[in-house]
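Enquirer: curious how this folds, go ahead:
(one chain, ligands or ions: 1)
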Amino acid sequence: MTAVQAKPDTFDSLDPATGEVVGSHPIHTAADVEAAVERARAAADWWAGLGFAGRAERLQRWKGVVTRRSAQLAELVHAETGKPHGDAMLEIVLGIDHTAWAAKNARRVLGRKRRSSGLLMANQAATVEFQPLGVVGVIGPWNYPVFTPMGSIAYALAAGNAVVFKPSEYTPGVGKWLADTFAEVVPEHPVLQVVTGYGETGAALCRAGVAKIAFTGSPATGKKIMATCAETLTPVLIEAGGKDALLVDADADLAAAADAAVWGGMSNAGQTCTGVERVYVHERVYDEFVAKVVDIAGKVRAGGDAEADIGPITMPKQLDIIRRHIADALARGGRALVGGADAVGDRYVQPTVLVDVPEDSAAVREETFGPTLTIARVRDMDEAVEKANATEYGLGATVFARTRGMELAARLRSGMTAVNSVISFAGIPSLPFGGIGESGFGRIHGPEGLKEFARPKAIARQRFRSPMNLTTFTRTAKTDANLAKLITLLHGKRR
Ligand code: NAD
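Expert: This next block holds a predicted model:
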């Protein structure tokens with residue numbers, strides 16, 4: 001029992017390559033969502049009561065089911081998003097790996113631990129443990145309909161919460177598939193439920209009294225969600241868009257950097273939150289790098305056949321944004337070395353490489369979310385860092401450099417940076433994932449991701465009576481004098 005029953009309003013998910021109906025799903029009303037959250041409350045108590053070991057065992061079994069049926073899930077991801085099967089499988093593999101990590105590490109990260117009790121309270125045993133929040137609402141996007149929500153769902157479940165998940169209206173079938181397979185290994189209670197529909201269903205989830213909303217999507221929607229959550233003081237985690245830069249230093253492996261730029265910018269037809277959108281290249285290697293990018297990007301093809309490298313643009317209205325960014329870049333002196341104005345069709349966008357694009361143009365400033373790259377020449381890496389950081393976004397970044405990789409990575413204003421590879425941080429479950437500024441706040445993945453879905457509980461247990469009891473009205477003047485001496489001894493030295 002997973003998908004919530006609601007009649008009669010339904011909506012269809014469509015194959016973006018053909019326009020055919022993939023599946024029909026209920027539009028869940030505010031009442032439906034409230035009912036789901038109510039059911040989840042009881043489920044959350046039961047799930048939390050299983051403890052780390054019980055939950056880990058169930059999550060590992062779920063992971064096994066998803067793995068064994070991954071071809072079926074990949075087919076559904078392909079149908080609802082249009083992405084090639086290989087790309088669908090890649091995000092599923094990463095989602096499985098994150099689930100395994102969260103299940104395996106939850107006790108270590110969240111379980112009870114001793115802390116130092118300090119000198120003043122030396123008679124106390126101090127412990128902290130991270131308890132589940134209760135019911136977590138997850139609102140997801142369509143571009144990685146498995147990997148992205150799993151970064152919240154798997155970690156929230158491992159931390160002991162029940163989850164009500166509202167998938168994107170473009171990928172409801174994938175969301176339902178995840179909840180249905182979870183219910184096979186956890187049939188007792190609706191620990192993971194799915195509610196489907198449009199933005200209103202998501203807004204209803206924000207108002208339904210959940211303990212936290214984990215949102216992934218655009219910054220504009222993130223702001224609406226914060227406003228809605230403010231009504232009930234519901235905490236939020238926001239994973240929003242990006243305008244990620246890739247930096248190429250003069251000593252970089254140019255073949256590897258060009259390959260990474262094209263894959264990072266164009267895989268999934270550029271519809272990747274941490275996709276490369278801007279490239280800044282040291283002037284000494286600019287021409288050689290650009291030639292390599294042109295060569296590789298020129299061979300990448302968008303299409304609906306099995307040999308195509310990238311699929312359609314999933315959301316038809318995104319085509320207008322991509323068209324506007326390319327047109328603006330060209331109108332303002334930019335040149336297309338691959339693709340260009342004609343690259344945008346009515347479902348597909350062919351790879352487009354733009355150079356000489358002014359830094360204040362839309363193609364450099366706004367999230368394009370298409371298979372496009374802007375490449376700019378820089379004097380040195382200081383200029384590259386400055387330009388890369390001149391954005392309100394701050395999600396991911398990439399540096400290609402032989403000697404200065406770590407130094408440049410640390411100076412980039414982004415939540416994650418890859419050095420000499422691209423987007424690799426997303427596949428390392430132990431690393432936190434999240435952004436700065438318009439890219440959002442809070443972290444999924446890793447220990448930080450587990451802690452997002454838990455609240456710290458501090459316990460001070462008295463082990464023996466202190467000769468210097470501070471927390472009593474029977475405290476004497478002698479105790480106060482001793483305390484003054486002790487604190488002077490500890491902290492009163494002149495430096
Ligand atoms: P979107 O913001 O349009 O929608 C995301 C989800 O929010 C959908 O489920 C939608 O139904 C729901 N929603 C819409 N209006 C709502 C409202 N008023 N209240 C509550 N919920 C509402 O985003 P999208 O087009 O699905 O996804 C693309 C965006 O997501 C891009 O900007 C991309 O960069 C970003 N993204 C970020 C990450 C990340 O981890 N930082 C990952 C993937 C995608």
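Enquirer: got phi/psi on Ala376?
Expert: phi -130, psi 150 (degrees, to the nearest 10).
Enquirer: how about it, what does it touch?
Expert: Contact analysis of Ala376 by C-beta atoms under 8 Å, 6 or more residues apart in numbering lists 278-281, 355, 357, 359, 364, 387. C-beta coordinates here come from the backbone N, C-alpha and C atoms, glycine included.
Enquirer: over to Val419?
Expert: Contacts of Val419 (C-beta under 8 Å, 6+ apart): 398-401, 405-406, 409.
Enquirer: that one bridge partners, please.
Expert: Val399 (DSSP bridges).
Enquirer: what's the spacing between it and Ala260?
Expert: 11 Å (C-beta to C-beta, to the nearest Å).
Enquirer: who touches both of those two?
Expert: Contact criterion C-beta under 8 Å, 6+ apart; residues shared by Val419 and Ala260: 398, 400.
Enquirer: now the helix or strand encompassing Ala183: mean pLDDT?
Expert: Applying DSSP states H and E as the criterion places Ala183 in helix 172-185. The average of the pLDDT scores along helix 172-185 is 98.
Enquirer: neighbouring contacts of it?
Expert: 1-3, 11, 13, 22-23, 25, 58, 61-62, 65-66, 69, 72-73, 76-77, 79-80, 140, 145-146, 149-150, 153, 165-168, 190-194, 196.
Enquirer: among these, which are within reach of the ligand?
Expert: 140, 166, 168 (C-beta under 6 Å from any ligand atom).
Enquirer: which non-adjacent residue is nearest the last one?
Expert: Okay, so that is Ser168. Spatial nearest neighbour of Ser168, excluding adjacent residues (C-beta to C-beta, 6 or more residues apart in numbering): Trp142 at 3.7 Å.
Enquirer: and the one you found, what is it in contact with?
Expert: 80-81, 167-171, 314-315.
Enquirer: widest-spaced pair of those?
Expert: Pro167 and Met315 (14.2 Å; C-beta to C-beta).
Enquirer: the two: which is more packed in?
Expert: Each of Pro167 and Met315 had its neighbours counted (other C-beta atoms under 10 Å), and the higher figure belongs to Pro167 (31 against 18).
Enquirer: quick check: that one touching Gly140?
Expert: Yes - with contact defined as C-beta atoms under 8 Å, Pro167 and Gly140 form a contacting pair (5.1 Å).
Enquirer: joint contacts of those two?
Expert: Here Pro167 and Gly140 have 149, 175 as joint contacts, going by C-beta under 8 Å, 6+ apart.
Enquirer: for the ligand, what's its nearest residue on the protein.
Expert: As assessed by C-beta to the nearest ligand atom, the ligand sits closest to Gly202 within the chain, at 2.3 Å.
Enquirer: tell me, how many residues neighbour that residue?
Expert: 25.
Enquirer: so what's Met381 up against?
Expert: Shown in contact with Met381 (C-beta under 8 Å, 6+ apart): 247, 249, 282, 401, 404, 408.
Enquirer: re earlier: with respect to Met89, which of the contacts of Trp142 is nearest?
Expert: Once C-beta to C-beta is applied, the member of the contacts of Trp142 that ends up nearest Met89 is Thr81, at 12.7 Å.
Enquirer: if I look at that closest one, how far off is Ala269?
Expert: Using C-beta to C-beta, Thr81 is found at 9 Å from Ala269.
Enquirer: what of Lys224?
Expert: 26 Å.
Enquirer: Thr417 looks like it's in a strand, true?
Expert: Yes - per DSSP: H, G, I helix; E, B strand; the rest coil, Thr417 lies within a strand segment.
Enquirer: that one contacts Leu395, doesn't it?
Expert: No - here Thr417 lies out of contact with Leu395, judged by C-beta under 8 Å, at a distance of 10.3 Å.
Enquirer: which SSE is the closest residue to Ala53 other than its chain neighbours in?
Expert: Nearest residue to Ala53, sequence neighbours excluded (C-beta to C-beta, 6+ apart): Arg107, at 7.4 Å. According to DSSP H and E, Arg107 maps onto helix 85-110.
Enquirer: near the ligand, which residues of the stretch 1-150 of the chain show up?
Expert: Near the ligand, when you scan the stretch 1-150 of the chain using C-beta under 6 Å from any ligand atom, you find 139-144, 148.
Enquirer: tabulate those (CSV), appending pLDDT and secondary structure.
Expert: Converted to CSV, those look like this (pLDDT from 0 to 100; DSSP: H, G, I helix; E, B strand; the rest coil):
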residue, pLDDT, secondary structure
Ile139, 98, strand
Gly140, 98, coil
Pro141, 97, coil
Trp142, 97, coil
Asn143, 96, coil
Tyr144, 97, coil
Thr148, 97, helix
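Enquirer: out of these, who has the most neighbours?
Expert: Tyr144 (30 neighbours).
Enquirer: average pLDDT across the helix holding Arg107?
Expert: Averaging pLDDT along helix 85-110 gives 97.
Enquirer: got it, and stretch 303-313?
Expert: Here the average pLDDT along stretch 303-313 is 93.
Enquirer: that one vs the ligand: in contact?
Expert: No - Stretch 303-313 stays clear of the ligand (C-beta under 6 Å from any ligand atom), getting no nearer than 11.3 Å.
Enquirer: Gly23 versus Asp180, what's the distance?
Expert: Asp180 sits 12 Å away from Gly23, going by C-beta to C-beta.
Enquirer: higher neighbour count, the two?
Expert: When neighbours are counted by other C-beta under 10 Å, Asp180 and Gly23 differ, and Gly23 comes out ahead with 19 against 14.
Enquirer: what sits against the more buried one?
Expert: 12-13, 80, 172-173, 176.
Enquirer: tell me which element it is part of?
Expert: Applying DSSP H and E, one finds Gly23 within strand 21-26.
Enquirer: re earlier: among the contacts of helix 172-185, name the ones in strands.
Expert: In strands, defined here by DSSP state E, the members of the contacts of helix 172-185 are 11, 13, 22-23, 25, 165-166, 192-194.
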